[in-house]
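Asks: sequence-free structure coming up:
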């Protein structure tokens, strides 16, 4: 019975995620009632209601769950790799590299596909630079190099915003603050999130070994350098897709692994990875509902809402952990 408890909790969390998905889909500032919304989802009702639900809200909710899942899985992988509770894609410079690449493409007036490709290249470039500079120094040097690179990327972002054309600055700022209106292809982040969860579950045993420390990993014959490089590349790819879809949204990859470990009382990554992905999706979807409704008809950056909610949540988690 004790072994079945985490799996039972994961099933309950899946049901809760489905409920949050439906609530986020039916909630908005357009004044659509529950009966009209359900009729539109069933293929009936007027065309305007169907357009709002299927062309506006559904992509945002899918993107919220996809981006939240990607950031949460990246946080789980990085915290297992570094054995550091503060490790997440934004601390290690991955998102900073993606932001710099995306902004350079925006300043050049590139098309959306070029902006997305530049963000992916920036994230992978940041990971490659961190890996090269910290090679041979172990996990602490990797972590410190990532923190320094994240600060450098933040400075570059400020310079690029100062140099950008004033007509484009507002869109850039909203993208940097996190904005799900950029999620024009939500199936990309949603599909990548599913693949990330499956991959994390498939490598759960090596992740458990890595989380136990380098000495344990070397004792059982785990190729630490190979796994470190593979996990870095995977996290960079996941984070780049998230940044492309919604800009830079913080705290998701930092909070959800801690919350899941505390709630489920386990560090088994077969449980932690999917539970963190579901929790990250729910958290970002709820933040997006607030961003769409709290100052309606204006929409606030979801990244700002996530920071306002995430900071006190993280402090509460730290106090409970202590």
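Replies: Okay, I see it. A quick note: this is a predicted structure, and the numbers were derived from the prediction, not measured.

Asks: contacting residues for residue 287?
Replies: 64, 302, 305-306, 309 (C-beta atoms under 8 Å, 6 or more residues apart in numbering). C-beta coordinates here come from the backbone N, C-alpha and C atoms, glycine included.

Asks: Where does the spatially most central residue of the chain fall, secondary structure wise?
Replies: Among the residues of the chain, the one closest to the centroid is residue 71, at 2.3 Å (C-alpha atoms, centre = their mean). Assigned by DSSP states H and E, residue 71 belongs to helix 58-82.

Asks: so which strand or helix has residue 132?
Replies: helix 112-133.

Asks: Check which residues of that helix are buried.
Replies: 115-124, 126-127, 129-131 (16 or more other C-beta atoms under 10 Å).

Asks: how near is residue 52 to residue 84?
Replies: Counting by C-beta to C-beta, to the nearest Å, the separation of residue 52 from residue 84 is 43 Å.

Asks: again with residue 263
Replies: 20 Å.

Asks: what distance separates stretch 242-262 from the middle of the whole chain?
Replies: Distance, stretch centre to chain centre, for stretch 242-262: 4 Å (C-alpha atoms, centre = their mean, to the nearest Å).

Asks: What's the end-to-end length of that stretch?
Replies: Stretch 242-262 has its terminal residues 25 Å apart, counting by C-alpha to C-alpha, to the nearest Å.

Asks: From residue 150, how far off is residue 218?
Replies: For residue 218, the distance to residue 150 - C-beta to C-beta - is 29 Å.

Asks: likewise residue 125?
Replies: Counting by C-beta to C-beta, the gap from residue 125 to residue 150 is 14 Å.

Asks: cool, and residue 207?
Replies: Distance, residue 207 to residue 150, by C-beta to C-beta: 23 Å.

Asks: helices and strands around the host helix or strand of residue 100, which ones?
Replies: Element membership of residue 100 [criterion: DSSP H and E] is helix 94-107. Here helix 94-107 touches helix 112-133, helix 138-163, helix 166-177, helix 224-246, going by 3 or more C-beta pairs under 8 Å, 6 or more residues apart in numbering; DSSP states H and E.

Asks: in stretch 285-296, what's buried?
Replies: So stretch 285-296, judged by 16+ other C-beta under 10 Å, has buried residues 285-292.

Asks: Give me the mean pLDDT for that stretch.
Replies: For stretch 285-296, mean pLDDT is 86.

Asks: Then stretch 119-136?
Replies: On average, stretch 119-136 scores 82.

Asks: Could you check the pLDDT of residue 29?
Replies: For residue 29, the predicted pLDDT is 67.

Asks: related to what we said a few turns ago, wait, which of the buried residues of helix 112-133 is closest to residue 243?
Replies: residue 119 (5.4 Å; C-beta to C-beta).

Asks: ok, now which ones touch the nearest residue to the closest one once chain neighbours are set aside?
Replies: Closest residue to residue 119 apart from its sequence neighbours, by C-beta to C-beta, 6 or more residues apart in numbering: residue 102 at 3.9 Å. Residues counted as contacts of residue 102 (C-beta under 8 Å, 6+ apart) are 115-116, 118-119, 122, 175, 243-244.

Asks: same thing with residue 145?
Replies: By C-beta under 8 Å, 6+ apart, the neighbours of residue 145 are 130, 133-134.

Asks: Distance of the residue nearest to residue 119 relative to residue 79?
Replies: 25 Å.

Asks: again with residue 180
Replies: 25 Å.

Asks: of these two, who's got more company?
Replies: Higher neighbour count among residue 180 and residue 79: residue 180, with 28 against 24, using other C-beta atoms under 10 Å.

Asks: The more buried one is in contact with residue 288, isn't it?
Replies: Yes. Using C-beta atoms under 8 Å, residue 180 is in contact with residue 288, at 5.6 Å.

Asks: shared neighbours of the two, anything?
Replies: 60, 64, 302.

Asks: among those, who's most crowded?
Replies: residue 64 leads the shared contacts of residue 180 and residue 288 on contacts (other C-beta under 10 Å) with 33 neighbours.

Asks: contacting residues for it?
Replies: If you count contacts by C-beta under 8 Å, 6+ apart, residue 64 has them with 24, 180, 246, 281, 284-285, 287-288, 302.

Asks: separation between it and residue 79?
Replies: Taken as C-beta to C-beta, the span from residue 64 to residue 79 is 22 Å.

Asks: Residue 250 in helix, strand or coil?
Replies: Of the three states, residue 250 takes coil under DSSP: H, G, I helix; E, B strand; the rest coil.
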